[in-house]
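# Sequence first, then the predicted structure:
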2 protein chains.
Amino acid sequence: MTGASQGRVHIVGLGPGAPEWITPEAAQALDEASDIIGYFPYVARIALKSGQTAHASDNRVEIDRARQALQLAASGRRVAVVSGGDPGVFAMAAAVFEAVAHGEPAWRDLDIQVMPGISAMQAAAAKLGAPLGHDFCAISLSDNLKPWDVVAKRLRLAAEADFVIALYNPASKARPHHIFQAFDILRDVKDGATLVVFARAVGRPDEAITVTTLREADPAQVDMSTLVLIGSSETRSIERTHGPAFVYTPRSYGRSET
Amino acid sequence: MTGASQGRVHIVGLGPGAPEWITPEAAQALDEASDIIGYFPYVARIALKSGQTAHASDNRVEIDRARQALQLAASGRRVAVVSGGDPGVFAMAAAVFEAVAHGEPAWRDLDIQVMPGISAMQAAAAKLGAPLGHDFCAISLSDNLKPWDVVAKRLRLAAEADFVIALYNPASKARPHHIFQAFDILRDVKDGATLVVFARAVGRPDEAITVTTLREADPAQVDMSTLVLIGSSETRSIERTHGPAFVYTPRSYGRSET
């Protein structure tokens, strides 16, 4: 075997932040890597071992990062590309396969594997109860890579379908108005009493969860670390004497529960 | 502290089957449980420790199982309710919170926690590449608990929104025709060249993955262990010299990639 034939790219999901949510598969991939590549806050989570090289980069350079990973693998390195959450959900896996599709032909036959992780909506759902217990969708509000009218159309159709809706990348300094526009669309279609959750930094020390309604929710509260969940017409809360309310969406739809 | 005050219900995601996808949090919850409750194939995955009691039951008795778990916890037992995949996604978490909402008032203040897991769509996506790399939705085709016209409406709106679509519970002996009806709706809205994946038993020894198109897909191939993925108009495959094709959905939408 040549060095190059041992090269590989593992695209590793770190989960939302808490170490107890990193799968054994992902932990092993990190342990075996010669090079760890990713957005710097994710690389910073990893305790480097002797001999491991870290390549941390800013956001908005995903394709460059993917190409670097593939080039290193082609030269025989064992590369771990790290993502928060699940790398397959609004994260690095798509960027790597875009780079493969448009890159060196030899990259197609590299050992490329995706290690799934717990995505932000799953972590938020677990903390709340079971808000994703019925049909749901996940929409990124970023228009870096898609026109806003596509986002707006999907929000309207998702509201008409009465999906539970998870909003990723809901706001940034470059586009603080998108979350307000999204709430305008949702309020146009859905009842004001619909439950809304702002789940910030779930699984990290600064975790903060707000349960409110579509009528009362303040989109100004949302930042880039917030996962927004919009309930379906069936999503309910359960008040408790001690502790925050549970939020769940029943498995049944359109009939009274027994 | 009384015995009852130590009782708890942990709703634990086992992932799709491979042990390397069980999070450390979930493994610890199983390790500490006095009672393990679930659908029998999931309970059968767990190596019981001395002193642990297993309560395996059939499917379609989710609410009874949830009530049993809550009753045991109220009596001081440390209960793990096990689900395949993520308990929050078409699994036991919603059933437990439905039981809490309609059950004994004291159940609301029990220690109830959800431990997320890797869901079937994430496992299938990881094996394929990055088909969920852009906006997507998840729909259960089961009409045990919701009218079929709700499913049909959601399928049509999801197709019009051009989401990547994950279909859970796509077929059973009781309703083998649903997957055919679903494909009729999807073919009515979407292009015949749309990529379709049948991912059966991902992460288990009998794993089998088929990549085809909406035009050519045979719904008769789908069984209850199959996760069906329907691409968006942007989902693409990458042919390889060795190994199966990769499938991915680019992060961009409606523009040529660079």
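It's in.
# so where do the strands sit in chain A?
Assigned by DSSP state E, the strands in chain A fall at A:8-13, A:35-39, A:53-57, A:78-83, A:111-115, A:129-130, A:136-140, A:164-168, A:195-200, A:208-213, A:226-230, A:236-238, A:246-248.
# got a markdown table for these, with mean neighbour count and mean pLDDT too?
Placement of C-beta: from N, CA and C, glycine included. Formatted as a markdown table, the strands of chain A follow (neighbours: other Cβ atoms under 10 Å in any protein chain shown; pLDDT from 0 to 100):
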| stretch | mean neighbour count | mean pLDDT |
| --- | --- | --- |
| strand A:8-13 | 28 | 98 |
| strand A:35-39 | 24 | 97 |
| strand A:53-57 | 15 | 96 |
| strand A:78-83 | 27 | 98 |
| strand A:111-115 | 23 | 98 |
| strand A:129-130 | 28 | 98 |
| strand A:136-140 | 26 | 98 |
| strand A:164-168 | 26 | 98 |
| strand A:195-200 | 23 | 97 |
| strand A:208-213 | 15 | 96 |
| strand A:226-230 | 26 | 97 |
| strand A:236-238 | 19 | 97 |
| strand A:246-248 | 26 | 98 |
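# Need the nearest residue in space to residue A:95, chain neighbours excluded.
Of all residues beyond its chain neighbours, the one nearest residue A:95 is residue A:62 (3.9 Å), with distances taken as Cβ to Cβ, 6 or more residues apart in numbering or on different chains.
# And residue A:230, by the same measure?
Per Cβ to Cβ, 6+ apart, closest to residue A:230 is residue A:165, 4.2 Å.
# Domains of chain A: list them as residue ranges, please.
With domains defined by automatic domain parsing, chain A comprises A:3-118, A:121-248.
# For residue B:36, find the nearest of the strands of chain A.
Ranking those by proximity to residue B:36 (Cβ to Cβ) places strand A:129-130 first, at 19.5 Å.
# That closest one pairs with which strands, parallel or anti?
Paired strands of strand A:129-130, with direction, are strand A:246-248 (parallel) (DSSP bridges).
# residues making contact with the strand it pairs with?
A:128-131, A:133, A:195, A:197, A:211, A:231, A:235-238, A:240, B:93-94, B:97-98, B:100-101, B:108, B:112 (Cβ atoms under 8 Å, 6 or more residues apart in numbering or on different chains).
# Helices of chain A, start to end?
Here chain A has its helices, by DSSP state H, at A:3-6, A:24-32, A:40-43, A:62-74, A:92-101, A:120-128, A:148-160, A:178-189.
# just these: most buried one?
With neighbours taken as mean count of other Cβ atoms under 10 Å in any protein chain shown, the helices of chain A reach their highest mean count in helix A:120-128, at a mean of 28.
# doesn't residue A:203 make contact with residue A:16?
Yes - Residue A:16 lies in contact with residue A:203 (Cβ atoms under 8 Å); the separation is 4.1 Å.
# overlap in contacts of these two?
residue A:123.
# Looking at those two, which one has more neighbours?
Neighbours were counted for residue A:16 and for residue A:203 using other Cβ atoms under 10 Å in any protein chain shown; residue A:16 has more, 28 against 23.
# Next, work out how far apart that one and residue B:24 are.
Noted for residue A:16: a distance of 14 Å to residue B:24, by Cβ to Cβ, to the nearest Å.
# Also residue A:15?
Distance of residue A:15 to residue B:24, given as Cβ to Cβ: 10 Å.
# Before we move on, what's the pLDDT of residue A:1?
Note on residue A:1: pLDDT of 41.
# Now for residue A:6: which residues touch it?
Contact analysis of residue A:6 by Cβ under 8 Å, 6+ apart lists A:76, A:78.
# which stretches of the stretch 151-258 of chain A aren't confidently modelled?
By pLDDT under 70, the low-scoring segments of the stretch 151-258 of chain A are A:255-258.
# burial measure for residue A:245, as a count.
Neighbour tally, residue A:245, other Cβ under 10 Å: 14.
# oh, I was asking about residue A:216
Using other Cβ under 10 Å, residue A:216 has 9 neighbouring residues.
# Check the spacing between it and residue B:140 real quick.
30 Å.
# Could you do residue A:63 as well?
Separation of residue A:63 from residue B:140 (Cβ to Cβ) stands at 35 Å.
# Who does the spatially closest residue to residue A:211 that is not a sequence neighbour form a beta bridge with?
Of all residues not flanking residue A:211 in the chain, residue A:197 sits nearest, at 5.5 Å (Cβ to Cβ, 6+ apart). Residue A:197 has these beta-bridge partners by DSSP bridges: residue A:211, residue A:229.
# for residue A:197, what are its contacts?
Contacts of residue A:197 (Cβ under 8 Å, 6+ apart): A:124, A:128, A:131, A:209, A:210, A:211, A:212, A:228, A:229, A:231, A:247.
# so how far is residue B:158 from residue A:154?
Distance, residue A:154 to residue B:158, by Cβ to Cβ: 9 Å.
# Oops, could you answer that again for residue A:137 instead?
Using Cβ to Cβ, residue A:137 is found at 7 Å from residue B:158.
# Show me whatever sits in contact with both of those two.
A:161, B:137.
# Distance check, the nearest residue to residue A:153 once chain neighbours are set aside against residue A:173.
In space, and not counting its chain neighbours, residue A:153 is closest to residue B:161: 6.6 Å by Cβ to Cβ, 6+ apart. In this view, residue B:161 and residue A:173 are 28 Å apart by Cβ to Cβ.
# quick one, which of these two is more surrounded?
Neighbours were counted for residue B:161 and for residue A:173 using other Cβ under 10 Å; residue B:161 has more, 24 against 7.
# Wait, that one touches residue A:152, no?
No - judged on Cβ under 8 Å, residue B:161 makes no contact with residue A:152 at a distance of 10.8 Å.
# Next, the distance between the ends of stretch A:74-83.
Terminal residues of stretch A:74-83 are spaced 21 Å apart (Cα to Cα, to the nearest Å).
# how distant is it from the center of its chain?
21 Å (Cα atoms, centre = their mean, to the nearest Å).
# Also stretch A:238-253?
Remark: stretch A:238-253 is offset 24 Å from the chain centroid, using Cα atoms, centre = their mean.
# was I right about residue A:99 contacting residue A:66?
Yes - shown here, residue A:99 and residue A:66 form a contact pair, counting by Cβ under 8 Å, at 3.8 Å.
# circling back to that earlier point, out of the contacts of residue A:197, which comes closest to residue A:181?
Closest to residue A:181 out of those is residue A:228 (13.1 Å), distances taken as Cβ to Cβ.
# Would you work out how far apart the start and end of stretch A:54-73 are?
One end of stretch A:54-73 to the other measures 14 Å (Cα to Cα).
# if we look at it, which residues are touching it?
Outside stretch A:54-73, the residues that touch it by Cβ under 8 Å, 6+ apart are A:7-9, A:35-40, A:43-44, A:46, A:48, A:79, A:81, A:92, A:95-96, A:98-100, A:103-104, A:107, A:110-112, A:144, B:251, B:258.
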